[in-house]
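1. The amino acid sequence is not available; the structure is as follows:
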Ligand SMILES: [Zn+2]
Ligand SMILES: [Zn+2]
């Protein structure tokens, strides 16, 4: 995704707003993310520099880490950065995210891919109280108990029972 910042650089405007839905190649970073990703934000000139602030919205689809049910969710995350000329941005040491421009244009694909990667949940669950699958028979315990659960005894309890017998 490219943004043309000519009007900012020639000072005809102080701020440019954008709202786009784009296809981002995220296969490297997150298979679960569904395209398109929506990016909405502003590029503005404070007189002290040119900055970008925005919000990303995307949906993902993945399997619950416990029961493997397919789960869909929506994520909203912020992006921001300071826009600098290509060469400058390599030299600058800063905690800010730096976005390089080239011929009055910035390309946001990498910034977007990074933001998606950072905001993806590490472990996706269909619900906080998901009971998962039985490790023995594989039954989805959210749908009810399975046969093998009842005769399963905690080995520590079994020891105690032997002790009292
Ligand atoms: Zn689950
Ligand atoms: Zn079972």
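-> Yep, it's here. Every value quoted in this text rests on a predicted model; they were computed, and no experiment measured them. Ligands and ions are numbered 1, 2, ... in the order given.
2. Pairing partners for the lengthiest strand in the chain, with directions?
-> For the chain, the strand that runs over the most residues, judged by DSSP state E, is strand 70-85. Neighbouring strands of strand 70-85 in its sheet, by DSSP bridges, are strand 50-63 (antiparallel), strand 98-102 (parallel).
3. ok, and what's touching the shortest one?
-> By Cβ atoms under 8 Å, 6 or more residues apart in numbering, the surrounding residues in contact with strand 98-102 are 5, 52, 81-86, 89-90, 92, 106, 108, 111. For every residue, glycine as well, the C-beta is placed using N, CA and C.
4. go with 7 Å
-> When contacts are taken as Cβ atoms under 7 Å, 6 or more residues apart in numbering, the neighbours of strand 98-102 outside the stretch itself are 5, 52, 81-86, 89, 92, 106, 111.
5. And for the longest one?
-> Applying Cβ under 7 Å, 6+ apart, the contact partners of strand 50-63 are 8, 32-34, 37-44, 69-83, 99, 112, 115-116, 120, 124.
6. mind running it again at 6 Å?
-> 32-34, 37-44, 70-83, 115, 124 (Cβ atoms under 6 Å, 6 or more residues apart in numbering).
7. if we can go back for a sec, which of the strands paired with strand 70-85 sits closest to residue 128?
-> With respect to residue 128, and counting by Cβ to Cβ, the nearest of these is strand 50-63 at 16.0 Å.
8. Can you give me the buried ones in that closest one?
-> Judged by neighbour count using 16 or more other Cβ atoms under 10 Å, the buried positions of strand 50-63 are 50-52, 54, 56, 58, 60, 62.
9. By mean pLDDT, flag the weakest helix or strand of the protein.
-> Taking mean pLDDT, DSSP states H and E as the measure, the helices and strands of the chain show their lowest mean at helix 155-164, namely a mean of 66.
10. Going along the chain, name the strands of this structure.
-> Counting by DSSP E, the chain has strands at residues 2-4, 15-22, 33-45, 50-63, 70-85, 98-102, 105-107.
11. per-stretch mean pLDDT over those, give me the minimum one.
-> Taking the mean pLDDT of each of the strands of the chain, the lowest value is held by strand 98-102, a mean of 86.
12. Enumerate the positions of it that are buried.
-> Of the residues in strand 98-102, those buried by neighbour count under the rule 16+ other Cβ under 10 Å are 98-101.
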